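Visitor: Sequence first, then the predicted structure, then my questions.
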Protein chains: 2
Amino acid sequence: MSLRYALLALLTSQPLTGYDVFKHFEQSVGYVWHAPDSQIYPELRRMEKDGLLSGVEEPWGKKGKKKRYHITPEGVEAFRAWMNTTLDYARERDPIHLKAAYLEWADPEAARAQMRAHIAYHSSRAQQWQNMVAALEDRSNPTLARRLEAAPEEDRAKIAGYKIFTYEGMIERAKAEIEWARRGLELIDKLES
Amino acid sequence: MSLRYALLALLTSQPLTGYDVFKHFEQSVGYVWHAPDSQIYPELRRMEKDGLLSGVEEPWGKKGKKKRYHITPEGVEAFRAWMNTTLDYARERDPIHLKAAYLEWADPEAARAQMRAHIAYHSSRAQQWQNMVAALEDRSNPTLARRLEAAPEEDRAKIAGYKIFTYEGMIERAKAEIEWARRGLELIDKLES
DNA sequence: CCCAACATGTAAGGGGTTACATGATTTT
DNA sequence: AAAATCATGTAACCCCTTACATGTTGGG
């Protein structure tokens, strides 16, 4: 159900067409909650039906048209209510740790390849988040800039601060994963003669 | 699709009835891949149909009966093949970080409650894993003990070593989450006057 | 004129959650 | 006799993935 709230979060800063939602999503909230366009379009329609968004049709060129979604007061309220509710936690479901627990079944080279892939994946993610933090810190991130413009002065430190805090957390998590996989490589060397 | 491999992993150590699978699952592989009984029973039947398991009916009391599932050579092969395949990574989908990024929308007390819940959840998880590591290290974990008995001497260090490695990774991840949430609490104090 | 970007979908299937459902057996 | 445990399911629903599908517009 979080997709809905991810979309509301995005639309609190400005009204967007479905396509714009998808594009902006990928560059902002999609870093913490991925969704493909095939999921976004129908969800926007459902949210309109549920009164959280109102869609306004606009002409696009001669024949085309597009629909711009505005968040409604009910949408804002639903988002705020979600933000004030403590999440409950999904039980563990983690394929890499499942695999790691039974690594004696893999060929040593396959085991090493898995650990290297883990390092590569999390390094790349960490790099992206690092770039995001830099863009948030120097206010060059366009979504943030637009949000800050519209916000009263006293809220600006919060808006930027919480986002930086979020991505820093993800960077540290990625670093922990990298460190773990490095130890995994050492362990494989030690155990597989 | 990982549930199937989690079940194969469990059944490589011994044949089990559906109910036993569920109980053992909760105490071992379920720590990294949770599944409810309503998912396990049908999956076992599908795996039997697919030739990965063979089920043997046994009487249980006067009228009752139960089915004990044995892993087949095809099941072993399927598990080994999965272990030798590099996983591909699911895109980020993380409700707590989604929420953290927009924490300016929450009431300060709700924001603090969320961070405290995060700390409580991960502390409890870390504690469980810590117990698991201890039970693996002193070989008092029954599932491990049974597995070690059946395994040739030269494999025993691997079997225990990889499991300890796995849970240690999860403990460190939990500690990183706790540390992050602590910083979150400080940030809330700083930003919400 | 072509191509990239803009715009919006449908449809099938997989995996998982939650709730409901039933009955036998063993233990207290 | 009651309660806990053993035993095994079904059914509805939700969310997400993957693949397919179609047409428009603006820029080079």
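Guide: The structure has been received and is ready for your questions. Numbering: from 1, shown residues only, chains lettered A, B, ... in the order given.

Visitor: if we look at stretch A:90-107, which residues are touching it?
Guide: A:111, A:114, A:118, A:184, A:188, A:191, B:2, B:5-6, B:9, B:12, B:29-34, B:79-80, B:83-84, B:87, B:125, B:155, B:158-159, B:162-163, B:165-167, B:169-170 (C-beta atoms under 8 Å, 6 or more residues apart in numbering or on different chains). From N, CA and C alone the C-beta is placed, and that goes for glycine too.

Visitor: Least confident secondary structure element in chain A?
Guide: helix A:142-150 (a mean of 93; mean pLDDT, DSSP states H and E).

Visitor: Can you check what pLDDT the model gives A:G64?
Guide: For A:G64, the pLDDT comes out at 88.

Visitor: partners of it in the sheet?
Guide: Partner residues in beta bridges with A:G64, using DSSP bridges, are A:W60.

Visitor: Next one: it from A:Y19, what distance?
Guide: Taken as C-beta to C-beta, to the nearest Å, the spacing of A:G64 relative to A:Y19 amounts to 11 Å.

Visitor: Let me see the contact set for A:E179.
Guide: B:E172.

Visitor: Which positions in the helix or strand harbouring it come out as buried?
Guide: Applying DSSP states H and E as the criterion places A:E179 in helix A:153-191. Within helix A:153-191, the residues that qualify as buried are A:156, A:158-174, A:176-178, A:180-181, A:184-185, A:187-188, A:191, counting by 16 or more other C-beta atoms under 10 Å in any protein chain shown.

Visitor: check these against DNA strand D, which are close?
Guide: Checked against DNA strand D using C-beta under 7 Å from any atom of the strand, the buried residues of helix A:153-191 give no members in range.

Visitor: before we move on, back to that, the more surrounded of A:G64 and A:Y19?
Guide: A count of neighbours by other C-beta atoms under 10 Å in any protein chain shown puts A:Y19 above the other of A:G64 and A:Y19, at 14 against 8.

Visitor: In terms of helix, strand or coil, where does that one fall?
Guide: helix (DSSP: H, G, I helix; E, B strand; the rest coil).

Visitor: wait, it sits on A:K66?
Guide: Yes: counting by C-beta atoms under 8 Å, A:Y19 touches A:K66, with 7.1 Å between them.

Visitor: Okay, domains of chain A per the record?
Guide: A:2-83, A:95-192 (automatic domain parsing).

Visitor: Does DNA strand D have contacts with the first one?
Guide: Yes: figure legend: domain A:2-83 in contact with DNA strand D (C-beta under 7 Å from any atom of the strand); contacting residues A:S2, A:L3, A:H34, A:A35, A:P36, A:S38, A:Q39, A:W60, A:G61, A:K62, A:K63, A:G64.

Visitor: before we move on, the earlier item: quick one: the least confident helix or strand of chain A to helix A:153-191, angle?
Guide: Helix A:142-150 runs at 150 degrees relative to helix A:153-191, counting by axes from the mean of the first three to the mean of the last three C-alpha atoms, to 10 degrees.

Visitor: Tell me how far A:V32 lies from A:L185.
Guide: Relative to A:L185, and taking C-beta to C-beta, A:V32 is found at 29 Å.
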